[in-house]
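In: okay, structure incoming, though there's no sequence with it:
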């Protein structure tokens, strides 16, 4: 039930098919329990185009990545993304390979791989801006720090927030995560 609450709280725009992916930390009591929940949700939501994977685990916390493969493939194929990700050791842009490489980068030297923003649907210019400015000097902050198209980003942030609010209300009123997930 906690994992479903996290899906509604953090992933509503992804479930609604208006955002490529979402990410959240999830506490769990046992490996078996976490794996069982992920397997159940993947079998349930997979038919609607949603996948959940564990990107990283430390002690009893897991970094859960919820994504739409079709959206992620399109994002990885955007102009400039391939060239940018090659700098970080991504040899090609197949979704499974890219996610495996991202997992490797998360487990590596302890630094956070900021290219993860591309896996969340953030604009390339904002990801590059964040890295070049070390997270400073942004135009505005919402779901991410904005360095390029502030007007467009503010509209997206408002749309994502409205989606979260609606999904939270519907879920509290008895709709299931499966019912709230848009098929894509």
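Out: Cool, got the structure. Remember, predicted model here, so these are calculated numbers, not experimental data. Numbers count the residues shown, from 1 in each chain.

In: for the residue nearest the centre of the chain, list the residues it contacts.
Out: Per C-alpha atoms, centre = their mean, the C-alpha nearest to the average position across the chain is that of residue 22, at 2.5 Å. Residues in contact with residue 22 (C-beta atoms under 8 Å, 6 or more residues apart in numbering) are 10-11, 13-14, 65-67, 120. All C-beta atoms are positioned from the backbone trio N, CA, C, and that covers glycine.

In: so which of those residues are in helices?
Out: Filtering those for membership in helices, criterion DSSP state H, returns 10-11, 13-14.

In: out of the residues you listed, grab the one that's most surrounded.
Out: Highest neighbour count within those, by other C-beta atoms under 10 Å: residue 14, with 27 neighbours.

In: so what's it closest to, chain neighbours aside?
Out: Sequence neighbours aside, residue 22 is the residue nearest to residue 14 in space, at 4.5 Å (criterion: C-beta to C-beta, 6 or more residues apart in numbering).

In: now do the buried residues in whichever helix or strand that neighbour is part of.
Out: Assigning secondary structure by DSSP states H and E places residue 22 in strand 21-27. Taking 16 or more other C-beta atoms under 10 Å as the neighbour-count basis, strand 21-27 is seen to contain the buried residues 21-23, 26.

In: next: stretch 173-183.
Out: Neighbour counts over stretch 173-183 (16+ other C-beta under 10 Å) mark 177, 180-181 as buried.

In: now do stretch 80-94, average pLDDT.
Out: The average pLDDT for stretch 80-94 rounds to 96.

In: span of it from start to end?
Out: For stretch 80-94, the first and last residues are 15 Å from each other (C-alpha to C-alpha, to the nearest Å).

In: repeat that for stretch 167-183.
Out: Taking C-alpha to C-alpha, the first and last residues of stretch 167-183 lie 15 Å apart.
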